[in-house]
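1. Just need the structure, nothing else, for what follows:
(chains A and B)
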Amino acid sequence: MKALLLTFTALSLCGAFNRWLTPIGLAAGLGYLGVRGWSLGRLPLVGPHDTIAFFAVSLTLMGLATRLSPSLRKAGWFNAAAGITAGLFGGLSLIFPVRDMPLPAILDTLWFELHVVLAFFAYALFGVGAIVSGGWLANRDRNLMDIQFKTALAGWSFFSASMIAGGIWGYYAWGTYWLWTAKELWTAILWLFYALLLHLRLKGAKWEVLSAWVAIFGFVVTLFTYLGVSLLMKSSHSF
Amino acid sequence: MKKLWNLLISLEIGLFLLALVCVAMAAGSFALTGEVAGALNAMPLFSWLREFPLSNTWWLWLTIIFLALLVLNTLCCSADSVIQRFSRAAVLAWLPPQLIHAGFLLIVLAHLLSSLWGFKGTIEIPEGGGFQMPDGTAVQVARVGAIFSPGGGEMPLGYKALLVSQQTGQGGVTITPNHPWFSNGYGVYIKHAEPGQQPVAFLEVHREPGAALALAGTVLFTLGNLALLYTRSRSRELPLGES
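-> Purely as a prediction, here's the structure:
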């Protein structure tokens, strides 16, 4: 089964040089998540291995969806950056042990699954937005800022929906839709940060350089919210 | 007066306040440790702010102040936008962002209500014992047990308790993780249980007066968000070479 994840990782990295390999890599990644989910009897969304693998596959999926945009269809640099990023996270997931533990009752709800899946789609879109912003800083193609805005808006929408699902889950699981822990604080920071990025667009072309850098820094905030807080700080979301 | 209004609807100030809330919360995430952190989730927010010294709570006071200013900025910006664009533009052009703003404001208001009038209590009670809810309802914990995986395993996946009260009738109601029992706005949640000859249940009783308002806020927010996605997805990129 792990061979599928290895294949996904290798094809994502190789996809940096041949864009036709990326969809095959995505199929391998989805295959891995499907087989793993089948063996667990649920979506594989618990622990560092499963979540990082899910994030890596989400990155490829969102990268491919963004590549449908006319400005990116033939942009080799975008394919390379998205492929390498997804491949690196695929490789990172392999470092962590695969845990086949039964799901604690507190996580056994559709709201938890929605909360996590939507969050990873959002993280992936934030990553794609950072790559597009880097491309804009390099070649100043006006269309790239539109794509950056759309990825940020779509990502923020997924993230908002994830927070809503998390709030409903929290209300039924812990009696409150909000807990004051490091993870929740960083979740709110990430949401406000991308609200800031979306409002920056209203300032017009003069603020685009700042907007691009904010989108790149946003992915750093995203990674800290997801991995940094879960690995380094104590919260209900710790690995 | 005009100057003050321009200040209140300033986008730059809105951006600055968003950044300040982020910084204050980030500082809080590192400052929030130990018993002080535990206590923050064990009582309503304003009780915690009253109970602990400023050396522990400074970051949350800053967050609240910046958030209050951001709320004022959002209210003024939305009012200005509606007044300016109401008659001139198509509804889909101006309404979605205002729905998102309204949702955000309702969610903040919901937090304020829960912070002021919320209730959080813990109960450690043996099987067969009884307790009284804050609204006076008498509840008996008739049975306490563990939930195991259908595939076996020694470690329980969670715990359950059978509660009996006047509202539940003789048959009672079983609470499990994610399935609390609600009575007059209070929810009873099972956190843990200790097995033994007389098992003990660790319950929590919560009241979130802002929950309904928060849900209303999320509905408005989602409607605005979907409409915004729809309108923005229709905007097209420039053909190649025209950038």
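
2. my read is B:Val205 is in a strand, agree?
-> Yes. Assessed with DSSP: H, G, I helix; E, B strand; the rest coil, B:Val205 lies in a strand.

3. which residues does it bridge with?
-> B:Gly121, B:Val188 (DSSP bridges).

4. B:Leu40: how many residues sit nearby?
-> By the criterion of other Cβ atoms under 10 Å in any protein chain shown, B:Leu40 has 23 neighbours. The C-beta positions use only the backbone N, C-alpha and C, and glycine is treated the same way.

5. now A:Ala28
-> Neighbours of A:Ala28 using other Cβ under 10 Å come to 23.

6. Please apply the same query to the one 5 residues further on.
-> Under the neighbour criterion other Cβ under 10 Å, A:Leu33 is assigned a count of 22.

7. so how far is A:Gly155 from it?
-> In this view, A:Leu33 and A:Gly155 are 20 Å apart by Cβ to Cβ, to the nearest Å.

8. okay but B:Gly153 is in contact with A:Pro104, surely?
-> No. Between B:Gly153 and A:Pro104 there is no contact under Cβ atoms under 8 Å: 11.5 Å.

9. out of those two, which sits in the busier spot?
-> The residue with more neighbours, out of B:Gly153 and A:Pro104, is A:Pro104; 15 against 11, by other Cβ under 10 Å.

10. For the lowest-mean-pLDDT helix or strand in chain A, output the C-alpha coordinates as CSV.
-> Least confident element among the helices and strands of chain A, by mean pLDDT, DSSP states H and E: helix A:229-232 (a mean of 84). Extracted in CSV, the C-alpha atoms of helix A:229-232 (Å, rounded to 0.1, in the frame of the first residue of the first chain):
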residue,chain,number,x,y,z
VAL,A,229,1.2,24.2,16.5
SER,A,230,0.3,20.5,16.3
LEU,A,231,4.0,19.4,16.8
LEU,A,232,5.3,22.1,19.2
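
11. and that helix, does that touch chain B?
-> Yes. Judged by Cβ under 8 Å from any Cβ of the partner chain, helix A:229-232 and chain B are in contact via A:Val229.

12. quick one: buried residues of that helix?
-> Neighbour-count burial for helix A:229-232 flags A:229-230 (criterion: 16 or more other Cβ atoms under 10 Å in any protein chain shown).

13. Please report phi then psi for A:Leu68.
-> Phi and psi for A:Leu68, reported as degrees, to the nearest 10, are phi -70, psi -20.

14. should've said B:Thr33
-> phi -140, psi 160.

15. for the one 10 residues further on, same thing?
-> For B:Met43, the backbone dihedrals are phi -150, psi 160 (criterion: degrees, to the nearest 10).

16. Please verify my assumption that it contacts B:Leu49.
-> No. B:Met43 is not in contact with B:Leu49 according to Cβ under 8 Å; the separation is 9.8 Å.

17. Might you list the low-confidence residue ranges for chain A?
-> A:234-239 (pLDDT under 70).

18. any idea which helix or strand comes after the longest helix seen in chain A?
-> Scanning chain A for the longest helix, with DSSP state H as the assignment, gives helix A:142-174. For helix A:142-174, the following helix or strand on the C-terminal side (DSSP states H and E) is helix A:182-200.

19. Is chain B within reach of that next one?
-> Yes. Contact of helix A:182-200 with chain B (Cβ under 8 Å from any Cβ) involves A:182, A:185-186, A:188-189, A:192-193, A:195-196, A:199-200.

20. Tell me which residue is most central in chain B.
-> Nearest residue to the geometric centre of chain B (Cα atoms, centre = their mean): B:His111, 6.1 Å.

21. give me every residue that touches that residue.
-> For B:His111, the contact set (Cβ atoms under 8 Å, 6 or more residues apart in numbering or on different chains) comprises A:178, B:45, B:210, B:214.

22. Identify the residue nearest the last one in space, chain neighbours excluded?
-> What that stands for is B:Ala214. Distance criterion Cβ to Cβ, 6 or more residues apart in numbering or on different chains; nearest residue to B:Ala214, sequence neighbours excluded, is B:Ala110 at 3.6 Å.

23. ok, now the third one?
-> Nearest in space to B:Gly210, with sequence neighbours left out and distances taken as Cβ to Cβ, 6+ apart, is B:Ala110 at 3.3 Å.

24. Give me the neighbour count for the one you found.
-> Neighbours of B:Ala110 using other Cβ under 10 Å come to 24.

25. contacting residues for it?
-> Contacts for B:Ala110 (Cβ under 8 Å, 6+ apart) come out as B:210-214, B:217.

26. quick revisit: of the residues of helix A:182-200 next to chain B, closest to A:Thr22?
-> A:Phe193 (28.7 Å; Cβ to Cβ).

27. Verify the contact between that closest one and A:Gly218 for me.
-> Yes. A:Phe193 lies in contact with A:Gly218 (Cβ under 8 Å); the separation is 5.8 Å.

28. The closest residue to A:Pro23 other than its chain neighbours and A:Ala53, how far apart?
-> Leaving aside its sequence neighbours, A:Pro23 sits nearest to A:Leu64 (Cβ to Cβ, 6+ apart; 6.5 Å). For A:Leu64, the distance to A:Ala53 equals 17 Å [Cβ to Cβ].

29. Is A:Phe78 in contact with A:Arg67, as I believe?
-> Yes. If you go by Cβ under 8 Å, A:Phe78 and A:Arg67 touch, sitting 6.7 Å apart.

30. Neighbour count: those two, which is higher?
-> A:Phe78 (24 against 19).

31. in the chain, which spans are helices?
-> The chain I'm using is chain A. So, for chain A - with DSSP H - the helices run A:2-14, A:21-40, A:47-67, A:76-95, A:110-139, A:142-174, A:182-200, A:208-223, A:229-232.

32. I was thinking of chain B, sorry if that wasn't clear
-> Going by DSSP H, chain B shows helices at B:2-8, B:11-31, B:34-40, B:45-51, B:54-85, B:91-117, B:211-233.

33. want to throw these into JSON lines with mean pLDDT?
-> Formatted as JSON lines, those follow (pLDDT from 0 to 100):
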{"stretch": "helix B:2-8", "mean pLDDT": "92"}
{"stretch": "helix B:11-31", "mean pLDDT": "97"}
{"stretch": "helix B:34-40", "mean pLDDT": "90"}
{"stretch": "helix B:45-51", "mean pLDDT": "94"}
{"stretch": "helix B:54-85", "mean pLDDT": "95"}
{"stretch": "helix B:91-117", "mean pLDDT": "94"}
{"stretch": "helix B:211-233", "mean pLDDT": "93"}
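
34. Out of those, flag the one nearest A:Pro97.
-> Taking Cβ to Cβ, helix B:11-31 is the member of those nearest to A:Pro97, at 27.7 Å.

35. by how many degrees do that closest one and helix A:208-223 diverge?
-> 20 degrees (axes from the mean of the first three to the mean of the last three Cα atoms, to 10 degrees).
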